[in-house]
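[1] coords please:
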Amino acid sequence: MRIIQMPLPEDIQNLIREHSKDDDAYEKLLTLFDEQLIEQTHNYRQRFDSHNAVQILIERGTGKLVDANRAAALFYGYSVDKLRTMTIRDLNVIPREEVEQEIALAKSQNRPFYKFRHRLASGEIRDIHVFSSPVITPDRELSHSIIVDVTGEYDTERRYQSLFEQSTDAIFIVNMNNNIIQYNHREAEMLGYSYEELSKTTFRDIVISEEHHQVGNIMQQLINGEQIQPYERTYIRKDGTTFPGEINAQLIRDSDGNPLHIQSIVRDISRRKQMEETTE
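    Presented below is the predicted three-dimensional model:
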């Protein structure tokens, strides 16, 4: 077991010297601080090594794995000594630019963890959540990362995402402030926007102004627990043309019953409307 002793900062040493009556007292105080520091470091290492959670220490900037506990060795399939010779890039399978994007996304969402994919020694890919906090030492900055394996959860999420994208109907999700937070490519195609362009719109940009007030009414009915039958909205394409859409809306709640967001499935019913007009 390695004991990493951090030297007492020079300003603290000077303060001790100023308040010591003689050099002998100063040296005794320093020795006492050193002993306490060694004991605290030893206790930390015991907790770190024996903890069941997968934990690693990463040098910021270089990505070098400075240390890892026994749980990390069991999870990754490498010895602790081997892990200390590796970098985080040896484990991470997603490109560097995607790593940076995920870090920025987690920050914007005020999310306490990052979503990454790591490769084990066996070659198996695992989906993980990384909870990271800074560790400052006199000579470098480290990140103390706790790794949580969520592979099973992500399998379900990916199946949902596949169905979400392959739907022939437009699907969009709005938060409780009526802002669009997710949508599929069919939604962008139906409205004539690129996928990236649609991310900058709100419902006010895609629904005619005469129907804006109805959006809030539907949301309140859903919150009140009312069953909403399919209803119609008049949508505006990017080029300014309009079309009628039939909507099936559902309020999604969390495990405690609190409203999370509204999922809406939209179908272009222009042809149906034309046929109805023809048969009248």
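
[2] and the end-to-end length of stretch 221-231?
    13 Å (Cα to Cα, to the nearest Å).

[3] So for that stretch, mean pLDDT?
    Stretch 221-231 shows a mean pLDDT of 87.

[4] what's downstream of whichever helix or strand Phe172 is part of, the next helix or strand?
    Using DSSP states H and E, Phe172 falls within strand 170-175. Later in the chain than strand 170-175, the nearest helix or strand by DSSP H and E is strand 180-183.

[5] which residues touch that next one?
    Strand 180-183 is touched from outside by Ala170, Ile171, Phe172, Ile173, Val174, Asn175, Leu198, Ser199, Thr201, Thr202, Phe203, His261, with contacts defined as Cβ atoms under 8 Å, 6 or more residues apart in numbering. Backbone N, C-alpha and C define where each C-beta goes, glycine included.

[6] May I see the ChimeraX selection of the buried members of those?
    Only the buried entries of those go into this ChimeraX selection, using 16 or more other Cβ atoms under 10 Å:
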select :170,171,172,173,174,198,201,203,261
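
[7] So which residues of this structure form strands?
    54-59, 65-68, 114-119, 125-136, 141-149, 170-175, 180-183, 231-236, 242-253, 259-268 (DSSP state E).

[8] still on that earlier bit, does anything pack onto the strand holding Phe172? Which helices or strands?
    In terms of contacts (3 or more Cβ pairs under 8 Å, 6 or more residues apart in numbering; DSSP states H and E), strand 170-175 is packed against strand 180-183, helix 185-191, strand 259-268.

[9] Partner strands of that strand, with direction?
    Strand 170-175 has its sheet partners listed here by DSSP bridges as strand 180-183 (antiparallel), strand 259-268 (antiparallel).

[10] Ok, which of those strands comes nearest Asp49?
    Proximity to Asp49 (Cβ to Cβ) singles out strand 259-268 among those, at 39.5 Å.

[11] Nearest approach to Val207 belongs to which of the strands of the chain?
    Comparing the strands of the chain under Cβ to Cβ, the one sitting nearest is strand 231-236, at 5.5 Å.

[12] Okay, angle between the closest one and strand 170-175 too, please.
    Between the axis of strand 231-236 and that of strand 170-175 there is an angle of 100 degrees, by axes from the mean of the first three to the mean of the last three Cα atoms, to 10 degrees.

[13] Pull out the buried residues from strand 231-236.
    Buried, per 16+ other Cβ under 10 Å, within strand 231-236: Arg233, Tyr235, Ile236.

[14] Same check on stretch 238-257?
    Gly245, Glu246, Ile247, Ala249, Leu251.

[15] Adding pLDDT and distance to Ala53 as columns, could you present those residues in TSV?
    Below are the buried residues of stretch 238-257 laid out as TSV (pLDDT from 0 to 100; distance: Cβ to Cβ, whole Å):
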residue	pLDDT	distance to Ala53
Gly245	92	48
Glu246	92	49
Ile247	91	45
Ala249	88	41
Leu251	88	36
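
[16] which residues touch Asp239?
    So Asp239 contacts Gly192 (Cβ under 8 Å, 6+ apart).

[17] My error: substitute Lys64 in the last question.
    If you count contacts by Cβ under 8 Å, 6+ apart, then Lys64 has Ile58, Met86, Thr87, Ile88 around it.

[18] Recalculate using a threshold of 7 Å.
    The contact partners of Lys64, taken as Cβ atoms under 7 Å, 6 or more residues apart in numbering, are Thr87.

[19] go on, the one 5 residues further on?
    Shown here is Asn69, whose contacts under the criterion Cβ under 7 Å, 6+ apart are Phe48, Asp49, His51, Gln55.

[20] for the buried residues of strand 231-236, which one is nearest Gly257?
    Arg233 (27.6 Å).

[21] residue contacts, Met219?
    Neighbours of Met219 in contact, by Cβ under 7 Å, 6+ apart: Asn178, Ile262.

[22] Can you get me the start-to-end distance on stretch 263-272?
    Stretch 263-272: ends 23 Å apart by Cα to Cα.

[23] what's in contact with it?
    Applying Cβ under 7 Å, 6+ apart, the contact partners of stretch 263-272 are 169-173, 190, 243-250, 252.

[24] farthest pair in these?
    Across the contacts of stretch 263-272, the longest distance by Cβ to Cβ is 26.3 Å; it joins Phe243 and Ile252.

[25] shaky segments in the stretch 1-150 of the chain?
    For the stretch 1-150 of the chain, applying pLDDT under 70 flags the ranges 1-46.
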